[in-house]
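J.: Test case, fold it:
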Amino acid sequence: MATQQTTTSCSSSSSSYSSTSISSSSAYLLVDSGAALANRKFAKDVDSVIARARDSGVQRIVVRTTNIQSTKDGLRLSRLFPETLVCAAGLSAHESRLWNRETEQQIEDVLRAEECVAIGDCGLDFSRDFSPKDTQLDVLRCLATLADRLTTEGLPRALLVRQNGAHEELVGILREFCSRIPIVVSFRGSEVEAKEYLSFGAFLSISSVKEESIQRLIQTQELPIQRILLMSDSPFQCPNLRSPRIPETARTALTGRSMSFVNRYCTFARNEPCSVSALAELVAGLSGQLAEEVALQTTFNALKVLGLSVK
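T.: The predicted model follows:
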């Protein structure tokens, strides 16, 4: 296969799952704001994965993507499962080297589909050299510009971003656009970084409470529930509920039902969206709120920032 030339321009679970496996009543109404269901790990049983998610209380899932192929696959899945899935059109930091005018047009075409609600994943990763730093910066700015243009046309699309080793550079770009487009940062970083994102109106999506910085931010309410989105980050980020890094105050909020979903269906090889109910309970334990309140507030946040509806 010929290598595309980069031209920066701004123009394992069983498939026989049944809802009778676990009691079908759920106390929660949840949104998973980030799951890579187009990943090949879900190729054989994505329908069962979605059924488990809905049974656990996850009513909407945003299919995040990282390149043109997964973006197209995410749109296809969203059309196959419109009652649950919406998609994002993404080009990750690692894939930025593949950006060209054709790639830009293909991403824009997906963004104009009614099933698409955001640009993501996108962002900056300066810890590795899969794509040159300058290219990453140019592509992220192009994607933000695209989101801005679509918003002015009446098609608001949020920007779902990640960063690794590039906080200052990311903030520099986001500040240019934060007053015009919704921004969601997939957060794993320091308290100082979190506060800077929050200072210009960004929402933070979290997939774990193992990091001490996240624990302190939630416990002190410096990261209020009103600014949090929950995400499984499936098939990654398996929530090891036995981890000693999870405080006992958080763990005491876990219910047998949510733990059953995690213990039966989520492994280190493949996490699933059904783990979000346990994540909501862990956040509730840290914040001192009821899990139902955390679920409703984070769902409201997702509906607001991503323009979702719950079917």
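J.: Return the residues in contact with residue 130.
T.: 93, 94, 95, 97 (C-beta atoms under 8 Å, 6 or more residues apart in numbering). Every C-beta, even on glycine, is put in place using the N, C-alpha and C of the backbone.
J.: Distance-wise, check residue 85 relative to residue 133.
T.: To residue 133, residue 85 is 33 Å away according to C-beta to C-beta, to the nearest Å.
J.: Those two: which has the busier surroundings?
T.: residue 85 (24 against 16; other C-beta atoms under 10 Å).
J.: Within the helices and strands, which one has residue 264?
T.: helix 256-265 (DSSP states H and E).
J.: now do residue 205
T.: Here residue 205, judged by DSSP H and E, is contained in strand 203-206.
J.: quick one: that strand to chain centroid distance?
T.: 8 Å (C-alpha atoms, centre = their mean, to the nearest Å).
J.: again, but for stretch 294-311
T.: With C-alpha atoms, centre = their mean, you get 13 Å for stretch 294-311.
J.: one step back: and the strand holding residue 205, what other elements does it pack with?
T.: Strand 203-206 is packed against strand 183-186, helix 191-199, strand 228-230, with contacts defined by 3 or more C-beta pairs under 8 Å, 6 or more residues apart in numbering; DSSP states H and E.
J.: Tell me the buried residues in the second one?
T.: In other words, helix 191-199. 191, 193, 194, 196, 197, 198 (16 or more other C-beta atoms under 10 Å).
J.: picking up where we left off before, next structured bit after the helix holding residue 264?
T.: Once the chain leaves helix 256-265, the next helix or strand it forms, by DSSP H and E, is helix 276-287.
J.: any idea of the mean pLDDT for that following helix?
T.: For helix 276-287, the mean per-residue pLDDT is 98.
J.: So what angle separates the directions of that helix and helix 256-265?
T.: Orientation check (axes from the mean of the first three to the mean of the last three C-alpha atoms, to 10 degrees): helix 276-287 against helix 256-265 gives 130 degrees.
J.: And the helix or strand just after helix 276-287, how far out from the chain middle?
T.: Downstream of helix 276-287, the next assigned helix or strand under DSSP H and E is helix 291-306. Counting by C-alpha atoms, centre = their mean, helix 291-306 is centred 14 Å from the centre of its parent chain.
J.: residues making contact with helix 291-306?
T.: Contacts of helix 291-306 (C-beta under 8 Å, 6+ apart): 27-31, 33, 57, 59-60, 62, 86, 117-118, 158, 182, 184, 203, 225-230, 253, 255, 277, 280-281, 283-284, 287, 308-310.
J.: And it, what's buried?
T.: Buried residues in helix 291-306, counted by 16+ other C-beta under 10 Å: 291, 294, 295, 296, 297, 298, 299, 301, 302, 305, 306.
J.: among the contacts of helix 291-306, which ones are buried?
T.: By 16+ other C-beta under 10 Å, the contacts of helix 291-306 give 28-31, 33, 57, 59-60, 62, 86, 117-118, 158, 182, 184, 203, 225, 227-230, 253, 277, 280-281, 283-284, 287, 308 as buried.
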